[in-house]
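[1] Give me the fold of what follows.
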Amino acid sequence: MSRIGKNPVPVPAGVEVKLTGQTLTAKGKLGHGAITIVDDVSIELKDGALTVAPRTEARRARNMWGTSRALVYNLVHGVSEGFTRNLEINGVGYRAAVQGNDLVLQLGFTNEIKYPIPPGVTMKTEKPTLIAITGADKQQIGQIASEIRAFRPPEPYKGKGVKYANETIIRKEGKKK
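    Numbering: from 1, shown residues only. Predicted structure coming up:
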């Protein structure tokens, strides 16, 4: 029995949820989204909560039960509250700034890197070394954060580069004389 799958997903006030066949559509203050649930899992709306259950006792149905519940939760939570991923930049002269619809990164290369901000996503730089990526789609936010981190991943000797705010870099010892 899935420990995650058996918990119902509460639908907060201000979120409109519509279930059409296996397609779930949610609309909230931060936008709208839709997901298609696999046929092995059933979903129903009752008492202001979405309940996910496997249709059969097949292995695939049990595997997709918790996964489907997590996707439904991410959809509902995303349109109501949204998701945020924070990045930190470490290094002398490394900085970021939002200019129009682009995130401009200076990461020690000859030219600056211009990363276009996709629609539905907002980026803020409170300080030149902190980037906050916010949006309704958890997968998209994680993908964008990963792409920005890949421009200059943190190195283990001095810790220079772009890292997630909650990431710890295991440091190595330098050369010995």
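[2] contacts and neighbour counts: CA atoms only from here.
    Noted.
[3] Check the residue nearest the centre of the chain and give its pLDDT.
    Compute the mean C-alpha point of the chain, and by Cα atoms, centre = their mean the closest residue is Lys138, 2.9 Å away. With respect to pLDDT, Lys138 scores 94.
[4] same deal with Ser2?
    69.
[5] From the contact counts, what lies against the top strand by length along the chain?
    Determined from DSSP state E, the single longest strand within the chain is strand 83-90. Secondary-structure packing of strand 83-90 (3 or more Cα pairs under 8 Å, 6 or more residues apart in numbering; DSSP states H and E): strand 130-135, helix 138-151, strand 161-164.
[6] any chance of these in CSV, plus distance to Gly28?
    Below are the helices and strands packed on strand 83-90 laid out as CSV (distance: least, Cα to Cα, whole Å):
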stretch, distance to Gly28
strand 130-135, 12
helix 138-151, 15
strand 161-164, 28
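[7] which residues does the closest residue to Thr36 other than its chain neighbours contact?
    Counting by Cα to Cα, 6 or more residues apart in numbering, Thr36 lies nearest to Thr23, which is 4.4 Å off, once chain neighbours are set aside. Thr23 sits next to Ala34, Ile35, Thr36, Ile37 when contact means Cα atoms under 8 Å, 6 or more residues apart in numbering.
[8] quick one: which of those residues has the most company?
    Counting neighbours by other Cα atoms under 10 Å, the top entry in the contacts of Thr23 is Ile37, with 21 neighbours.
[9] That one and Phe83: what is the separation?
    Going from Ile37 to Phe83 by Cα to Cα, to the nearest Å gives 21 Å.
[10] Check Thr36 too.
    In terms of Cα to Cα, Thr36 sits 21 Å off from Phe83.
[11] Any idea what the closest residue to Gly14 other than its chain neighbours is bridged to?
    Nearest non-adjacent residue to Gly14, counting by Cα to Cα, 6+ apart: Gly28, 6.1 Å away. In this entry, Gly28 is beta-bridged to Gly31, by DSSP bridges.
[12] how far away is Gly28 from Ser80?
    Distance from Gly28 to Ser80, counting by Cα to Cα: 5 Å.
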